[in-house]
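Asker: Sharing a model that was predicted from the sequence below.
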Amino acid sequence: MPPLELVDYFTAEKQGGILLGCLGLASLGLALFLLVSRSSFVAMAWPVAVVGIFQLVVGITVAARTPSQVASLEEGLRDAREFTATAALQQMNRVNASFRIVKGVEIGFILAGLLLVLFFRHGRCSNMSPV
């Protein structure tokens, strides 16, 4: 049996994958709604759909691979405990670092979107004034 921290980590990883997949489905639903409703936000349907597809694929992949990772980890901990624990912790640190990068990119997209909304209201640039 792996240490409790690793069990908690992989449980959270699987739950995160499922949540990400659900967010992807919600994004795809929003994109479809925007296309069908022909609202003034219809132009954002395609980027939202692309992000939704990405979220869905990554979420399903993470949730599906986690049980096999846990099985491999348990086997490794039985056969080569120290090596396996060190490798698992290094992998967890890499994953956590990549989450920080993803969070930064997402914040950048949100800020860029807000700036575009402020400066390009009504489909035109009015002297770059946010009012």
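Answerer: Thanks, I have the structure now. Residues are numbered from 1 along each chain as shown.

Asker: The lowest-mean-pLDDT helix or strand in the chain: how far from the chain's middle?
Answerer: In the chain, no helix or strand scores lower on mean pLDDT, DSSP states H and E than helix 81-119, which sits at a mean of 83. In terms of C-alpha atoms, centre = their mean, to the nearest Å, the centre of helix 81-119 is set 9 Å apart from its chain centre.

Asker: Below-threshold pLDDT in this protein: ranges please.
Answerer: For the chain, applying pLDDT under 70 flags the ranges 1-2, 121-131.

Asker: hmm, back to that, the least confident helix or strand of the chain packs against which elements?
Answerer: Secondary-structure packing of helix 81-119 (3 or more C-beta pairs under 8 Å, 6 or more residues apart in numbering; DSSP states H and E): helix 4-37, helix 45-79. The way it works is simple: take the backbone N, C-alpha and C, and place the C-beta from them, glycine included.

Asker: What is the first one packed up against?
Answerer: Which is helix 4-37. helix 45-79, helix 81-119.

Asker: So for residue 33, which of the ones you listed sits nearest?
Answerer: Across the helices and strands packed on helix 4-37, residue 33 has its closest neighbour in helix 45-79 (8.3 Å, C-beta to C-beta).

Asker: circling back: distance to residue 29 and mean neighbour count added to the helices and strands packed on helix 4-37, as TSV?
Answerer: Converted to TSV, the helices and strands packed on helix 4-37 look like this (distance: least, C-beta to C-beta, whole Å; neighbours: other C-beta atoms under 10 Å):
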stretch	distance to residue 29	mean neighbour count
helix 45-79	8	15
helix 81-119	19	12
